[in-house]
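Asks: Model the structure of this input:
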Amino acid sequence: MSTRGVRARAASLLRRLLARGDARRGGAGQLPELAIVGGAILTMDAKQPLLRRGLVVIDGGRIRVLRERRAWERAPRAQRVIDADGRLVMPGLVNTHTHAATTILRGAVEALPLEQWAAIARRLELRHLSREAAEVGGLVAALEMVRSGTTLFNDSSFFSDAVAESARRVGIRAVVSEPLMDGRNPTRRSPKASLAFTEKLARRYRGDPLVTVAFGPHYPTTCPEPILSAAGAAARRHGVPLHIHLSEGEGHDVAGASHTAYLRRLGLLSDRLVAAHGVHLSSADIADLARHRVGVAHCPEANMMLGDGIAPVAALVQAGCRVGLGTDGPLSNHDLDLFQAVDFAAKLQMLDPRRSAPVPTAAQFLQMATCHGARMLGRGHDLGSLEVGKLADLIIVDLDRPHLVPLYDVYTQLVHAASGADVATVIIHGRLIMRDRVVLTVDEREVLARARAIARPIGRGIEERLALDER
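Replies: Residues are numbered from 1 along each chain as shown. Below is the predicted model:
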C-alpha cells in the first residue's frame, strides 16, 4: 500500500473512532468536547505505559481515544484542542488522606511531638473552626490541590458537608468523612449524632459525579467501640470507604491489642478500609493488612513534622499491601502538594534504620500517588490511569523547566524533581478546571480575600493566647 493509502486509512480509522464516541452520547455529528494533541502521555497503565507523542480525545467526561499520534496527522476536530507539545499528560494525583477544613488554621502550630501537637490542634479547632471557616478552608485547599495536580482527595474534616460543597464549586473530586470521636468537637455533635449526620449526607450525595461520602471513625482509641462497628456496617451498606487513623503514635494499643488486631477483632479489616499513617506496625500487623487488602495512606511529611517515626512502606509493599500517599492536613504539614509528598516518601525510606525490604522504585511511588490511590478509594475501575473508557481526570505537566531538563527517566524526574508548580493544566471529569495555571471555576482572588478576612480574628486570638501563656 502507498504512503498516501496508509494515511487515508489512518484518517478514516480516526474518524470512525470519533464517530463512535458521538454515537455513544447520542449526538451523532457533534464534535467531541476536547482533544489533546502532541506531548508525551504517561498512562500509568501497564499495557502501554508511555506514548512518546500522543493523542487524547475526551467526550462525555470520558477518554474516547488514546494512542500515538503520527507526525503527519492533522489535529482532530473538536470543540477545544489543547496543544501539549513539550508537555506530559498523565493521570491526576490522588491524595489519600488530608484534613481540608484546617487549611484555615495553616501555620498556627509549629513542629511538635504528636501528643503535644494534637492537644494544641484540638483547642484551635474548638475555638476557631466554624462552618464558614471550614467552607473557606475547603475552597483554599481545593485550589491548592488543583494547582499542584491533585484531582481526587480523601478527607476527614468537621463540617464535612461544607468541604463537600467547596470541592464541588472548584470541580475537584472528594471523598469526605465526618470524624466520629468522643469528647468536644467544633460541630458539638456526639459520636452517635455525627454517625447519623454522615448517614444523611451519604444519602444526599449518592450518585454525585464528584463527591463521595465515607464513614470516618477518628482513631481506635478515640471512637467508642459501638460507633466503630456501626460505622463499618454503614460503609458496607452504602458501598463507600471507611477512613480511620491507624498506629500513628507509639503506645496506642487498645485493650492489650494493636490497632490492627483490634480492628480485625471487630471485623473491620477489608479492602474498604483506608488506614492513615500506619507508622508503628508489627510484622503481624503488616501481614493482617495485606491479607485483608487494607489501604494504607502514607503521610511522610506529617510523620516527619510530628516526630512520629518512619512508616514501614518498603515492608508494606513487599507484603503486597495497597499503599497510597497523603499530605495529611495543613496543621500537620503546611502544604497539600502531593508531588512534594512523593519525593519525601521515596527519600525517607532510604533513612529507615529498621528497613529490611528493598526501597520501592520511583515508578512504584508514582503508582502510590495515582492508580494505587484510586484503587484504595474504590475508584480503580474508572480513575488512576489513562485508558479508553475511563473518566477523564488528567493533568498536563510542563517539561520545559530547568529542573526537568534533561529527561532520561520520566518516573525518576517526576518523583524527585517535579513539583506542583509544574502543573499547567488540570482536567477533571472531562472539564477544564485549570488551563495554563489559571483556575477557571472560581474567582481565586475572591476566595483568598475571604480566607484572609476569616483568618484575621483567628490570628488575633492566637496572639492573645500566646501572650497569656508567656505570663
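
Asks: Okay, and the beta partners of L273?
Replies: L273 has the following beta-bridge partners by DSSP bridges: L242.

Asks: again but with F215, I slipped
Replies: L242.

Asks: doesn't L195 make contact with it?
Replies: Yes: taking contact to mean C-beta atoms under 8 Å, the distance of 7.5 Å between F215 and L195 places them in contact. Quick note: C-beta positions are derived from backbone N, CA and C, even for glycine.

Asks: list the residues that contact both of the two?
Replies: Common contacts of F215 and L195 (C-beta atoms under 8 Å, 6 or more residues apart in numbering): 180, 231, 234.

Asks: how about the last one, what does it touch?
Replies: To tie it back to what came earlier, the one meant is A234. Residues touching A234, when contacts are defined by C-beta under 8 Å, 6+ apart, comprise 195, 198-199, 202, 215.

Asks: Now the most centrally placed residue in the chain. Nearest residue, chain neighbours left out?
Replies: Central residue of the chain (C-alpha atoms, centre = their mean): N95, 1.9 Å from the mean position. Distance criterion C-beta to C-beta, 6 or more residues apart in numbering; nearest residue to N95, sequence neighbours excluded, is F153 at 4.1 Å.

Asks: name the element that neighbour belongs to?
Replies: Assigned by DSSP states H and E, F153 belongs to strand 150-156.

Asks: ok, back up a step: what subset of the contacts of A234 is buried?
Replies: In those, burial by neighbour count holds for 195, 198-199, 202, 215, counting by 16 or more other C-beta atoms under 10 Å.

Asks: Show me which pair in those residues is furthest apart.
Replies: Spatial extent of the buried ones among the contacts of A234 (C-beta to C-beta) is set by the pair L195 and A202 at 10.6 Å.

Asks: residues shared between the contacts of the two?
Replies: Between them, L195 and A202 share the neighbouring residues 215, 234, with contact defined by C-beta under 8 Å, 6+ apart.

Asks: Give the helix, strand or coil label for V279.
Replies: On the three-state scheme (DSSP: H, G, I helix; E, B strand; the rest coil), V279 is labelled coil.

Asks: ok, it touching A311?
Replies: Yes: counting by C-beta under 8 Å, a contact exists between V279 and A311, whose distance comes to 4.7 Å.

Asks: So for the two, which residue has more residues nearby?
Replies: A311 (26 against 21; other C-beta atoms under 10 Å).

Asks: How is that one assigned, secondary-structure-wise?
Replies: Secondary structure, three-state DSSP: A311 is coil.

Asks: and it, how far is that from Y411?
Replies: Look at A311 and Y411: by C-beta to C-beta, to the nearest Å, they are 21 Å apart.

Asks: who does L34 bridge with?
Replies: Those that pair with L34 in a beta bridge, by DSSP bridges, are I58, R80.

Asks: That one against L432, yeah?
Replies: Yes: with contact defined as C-beta under 8 Å, L34 and L432 form a contacting pair (7.4 Å).

Asks: so what's in contact with these two at the same time?
Replies: Common neighbours of L34 and L432, using C-beta under 8 Å, 6+ apart, are R80.

Asks: As a markdown table, the buried ones among the contacts of A234 with secondary structure and pLDDT would be great.
Replies: Converted to a markdown table, those look like this (DSSP: H, G, I helix; E, B strand; the rest coil; pLDDT from 0 to 100):
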| residue | secondary structure | pLDDT |
| --- | --- | --- |
| L195 | helix | 98 |
| T198 | helix | 98 |
| E199 | helix | 98 |
| A202 | helix | 98 |
| F215 | strand | 98 |
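
Asks: Return the closest of those with respect to Y262.
Replies: Distance to Y262 across the buried ones among the contacts of A234 (C-beta to C-beta) is lowest for F215, with 17.2 Å.

Asks: Quick one: residues contacting that closest one.
Replies: Counting by C-beta under 8 Å, 6+ apart, the residues that F215 touches are 177, 180, 195, 198, 202, 231-232, 234-235, 238, 240-243.
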